[in-house]
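In: structure of the sequence below:
(one chain, ligands or ions: 1)
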Amino acid sequence: MDTGKEIVRFENAGLSYEGAPETLSDISLSLSEGEFRFLTGPSGAGKTSLLKMIYLAHRPTRGRFFLFGEDAMAAPREALPALRRRIGVVFQEFRLLDHLTAFENVALPMKVAGVNQNQYREDVSELLNWVGLGHRMDAKPPTLSGGEKQRVALARSLVSKPDLILADEPTGNVDPAMSERIMKLFVELNKLGASVIVATHDLHLVQSIGKPVLRINDGGVSHSAGAGGAS
Ligand SMILES: Nc1ncnc2c1ncn2[C@@H]1O[C@H](COP(=O)(O)OP(=O)(O)OP(=O)(O)O)[C@@H](O)[C@H]1O
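Out: Below you'll find the predicted structure:
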């Protein structure tokens with residue numbers, strides 16, 4: 001579904017880390033409401049850096065960047081949390097709270113937002129079931145495997161039904177069957193209206209899902225359409 005409303009727009013954006021040569025030097029791209037893109041490219045090309053720019057964790061060092069139609073480079077610091085709240089991020093660092101159960105970790109964003117538990121209990125259970133952890137809802141993170149923790153973090157980042165989902169190697173620690181299941185979850189959420197960007201090295205997965213690909217290389221980004229376009 002592409003309703004045309006622009007969610008992300010970069011115009012000739014660049015990023016350099018503290019005086020180092022530019023990691024990203026010429027990023028121009030646009031993502032509209034309801035679009036799904038894979039993000040591929042060699043290790044170190046800047047996929048995570050690009051996702052972090054979108055999440056407003058890194059500021060482009062040049063060029064222009066618009067998020068949800070707002071000029072993110074000009075937005076005052078106080079405006080950033082509201083923009084970030086519309087984004088669900090699935091990054092490599094899980095940052096689960098060890099003293100809370102899997103259920104409580106996933107529920108936390110809703111609880112913090114002051115939502116009544118009756119309104120999110122089912123969503124939390126459904127998400128944990130989807131990622132294969134229905135039987136571990138009461139487990140605490142120290143007793144979970146790396147892949148299980150990753151799936152709890154995944155469920156937590158999706159529970160608030162974000163408008164934009166950014167996932168960085170979301171299937172890095174799971175087996176092929178679970179990878180497929182997680183990708184299907186993104187596809188389902190995309191059908192419900194979320195825009196999605198998934199960074200991955202798994203070209204088999206890219207081809208099986210058949211969504212357009214953004215490829216980062218040499219500081220820039222190239223676009224290709226659909227299955228088979230990942231190389
Ligand atoms: N916080 C940072 N400070 C300095 N340099 C950084 C920082 N984060 C990333 N880099 C550098 O920026 C480049 C791009 O890194 P990034 O993690 O964005 O690549 P990637 O495409 O996601 O790689 P991979 O596929 O291996 O995860 C690398 O050379 C990396 O060393």
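
In: what's the helix or strand for the most centrally placed residue in the chain?
Out: By Cα atoms, centre = their mean, the chain has its centre lying nearest to residue 166, at 1.5 Å. Residue 166 is part of strand 164-168 when elements are defined by DSSP states H and E.

In: phi first, then psi, for the nearest residue to residue 209 once chain neighbours are set aside.
Out: Excluding its sequence neighbours, the residue lying closest to residue 209 (Cβ to Cβ, 6 or more residues apart in numbering) is residue 183, at 5.6 Å. (Each C-beta comes from the backbone N, C-alpha and C, glycine too.) Main-chain torsions, residue 183, degrees, to the nearest 10: phi -60, psi -40.

In: which parts of this structure sit against the ligand?
Out: The chain comes close to the ligand at residues 17, 23, 41, 43-49, as judged by Cβ under 6 Å from any ligand atom.

In: list only buried entries from the residues you listed.
Out: Among the residues of the chain next to the ligand, those buried by neighbour count (16 or more other Cβ atoms under 10 Å) are 23, 41, 45-49.

In: dump those residues into JSON lines; add pLDDT and secondary structure as well.
Out: Shown next, in JSON lines, are those (pLDDT from 0 to 100; DSSP: H, G, I helix; E, B strand; the rest coil):
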{"residue": "23", "pLDDT": "93", "secondary structure": "coil"}
{"residue": "41", "pLDDT": "94", "secondary structure": "coil"}
{"residue": "45", "pLDDT": "94", "secondary structure": "coil"}
{"residue": "46", "pLDDT": "95", "secondary structure": "coil"}
{"residue": "47", "pLDDT": "95", "secondary structure": "helix"}
{"residue": "48", "pLDDT": "95", "secondary structure": "helix"}
{"residue": "49", "pLDDT": "95", "secondary structure": "helix"}
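
In: list the buried ones in the helix or strand containing residue 206?
Out: Per DSSP H and E: residue 206 is located in helix 203-209. Of the residues in helix 203-209, 205-207, 209 count as buried by neighbour count, 16+ other Cβ under 10 Å.
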